[in-house]
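J.: sharing a model that was predicted from the sequence below.
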Amino acid sequence: MHLVCTRSDGRFSCPIVGTGAFEMDKNDRFDTGEVDQATITFPFDRMTVQRFRKEFPRARWSDWHKAWLVPGKTASRRIERWLEREASRANPFAEEKGRDAYEFEPILSSYLSVDSDGISIKTPYSKRLVEEIRQISFARWDPHFKMWRVPFASYDELLQRWETIENEARRSEPEERLKRTQARKGSKEERRERLRANERRRRRIPLTAEALPPLNRPITTQAYGIIVIREITGELVNSELINDVYPDLEGDYVWGFWRLPSLDELVQTWPNKKDLSASERQRGWWHPDLEELREGRRVARTRARARRAVSAATD
């Protein structure tokens, strides 16, 4: 979990980050060598900090990352339970109000179920769907049952977003994906997707000659998300390929070759706190913000676990 606070004159200041009052990232590896730890962010309140220190006596503050680090393999689950208690403390009647709201206006869907612990959401995977659910306060992913958990206290937020969630879930069903794939066969869109897939396999990307990115540092790109440029060749990109694969680009571009960033590189990258400018979006790359880094770290951890599993299977 991730608790981001700043410290000045011996006092903690914990601004609200994102949409929820509290935020958590599991197993972020910061300035220590520990993998089994979590970090957490929450708005500053003296009593809240005291309760947190009492609940997590081994937690320690990181000045470099402006975060509390909680060690232990079960840190994320323990922090989740603490966050739920804090949410109930903030509004002791929120859970009851949410249950009443559900009884009065229930969401009837095959993607949603209800039990004594709250609301469960199980859908096909979709990046847009994940981003939508993450906007709901205290929504969390249950890796054991592979579903999202939402407390009744957040039912009003869920209700407001449900139409978008359900529509995206339906679009993500295998049958619907297959229909769209078949409809694209032989079309310009399919040809463009094949060319893009080929470019991704070659791990090269066009870079505007007027504003080249730094080498060997994580950047965010419109085409491939967070990557690291390892080489810039100086070779001009063919204008025909630009039109076919990157129709939004204008001007002179040169080829760059990229690789995926490591977890350590993403952890050590300081987030960009400025709003994305039109010129940055136009050039196709920019320095990653906090949310982009969190997602990149999550993906990097998944890749690392997969590599370890393959290595263990072959030993």
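T.: The structure has been received and is ready for your questions.

J.: low-confidence stretches in the chain?
T.: Applying pLDDT under 70 to the predicted model, the residue ranges of the chain that meet it are 1-35, 41-44, 63-67, 87-88, 90-92, 242, 315.

J.: run the chain-centre distance for the longest helix along it.
T.: As assigned by DSSP state H, the longest helix anywhere in the chain is helix 290-314. The offset between the C-alpha centroid of helix 290-314 and the centroid of the whole chain comes to 13 Å, using CA atoms, centre = their mean, to the nearest Å.

J.: please parse the protein into its domains.
T.: Under automatic domain parsing, the residue ranges defining each domain of the chain are 3-90, 94-174, 203-314.

J.: for the stretch 151-300 of the chain, which segments count as strands?
T.: Along the stretch 151-300 of the chain, the segments classed as strands by DSSP state E, counting those that start in this stretch run 204-208, 218-221, 225-236, 253-259, 285-286.

J.: relative to strand 225-236, how tilted is the longest helix of the chain?
T.: Orientation check (axes from the mean of the first three to the mean of the last three CA atoms, to 10 degrees): helix 290-314 against strand 225-236 gives 90 degrees.

J.: state the distance from S110 to K122.
T.: Going from S110 to K122 by CB to CB, to the nearest Å gives 9 Å. Any C-beta I mention is one placed from the backbone N, CA and C, and that applies to glycine too.

J.: also W270?
T.: With the distance defined as CB to CB, W270 ends up 36 Å from K122.

J.: looking at those two, which is more packed in?
T.: When W270 is set against K122 and neighbours are counted by other CB atoms under 10 Å, the residue ahead is K122, at 14 against 11.

J.: please report phi then psi for the more buried one.
T.: When read as degrees, to the nearest 10, the backbone of K122 gives phi -130, psi 120.

J.: try I107
T.: phi -90, psi 120.

J.: pull the contacting residues for it.
T.: Contact partners of I107, counting by CB atoms under 8 Å, 6 or more residues apart in numbering, are 158-159, 162.

J.: from T314, how far out is it?
T.: Applying CB to CB, the value for I107 to T314 is 46 Å.

J.: and for N238?
T.: When distances are taken as CB to CB, N238 and T314 turn out to be 41 Å apart.

J.: next structured bit after whatever helix or strand R78 lives in?
T.: Take DSSP states H and E as the rule and R78 turns out to sit in helix 75-90. Proceeding C-terminally, helix 75-90 gives way to helix 94-104 as the next helix or strand, assigned by DSSP H and E.
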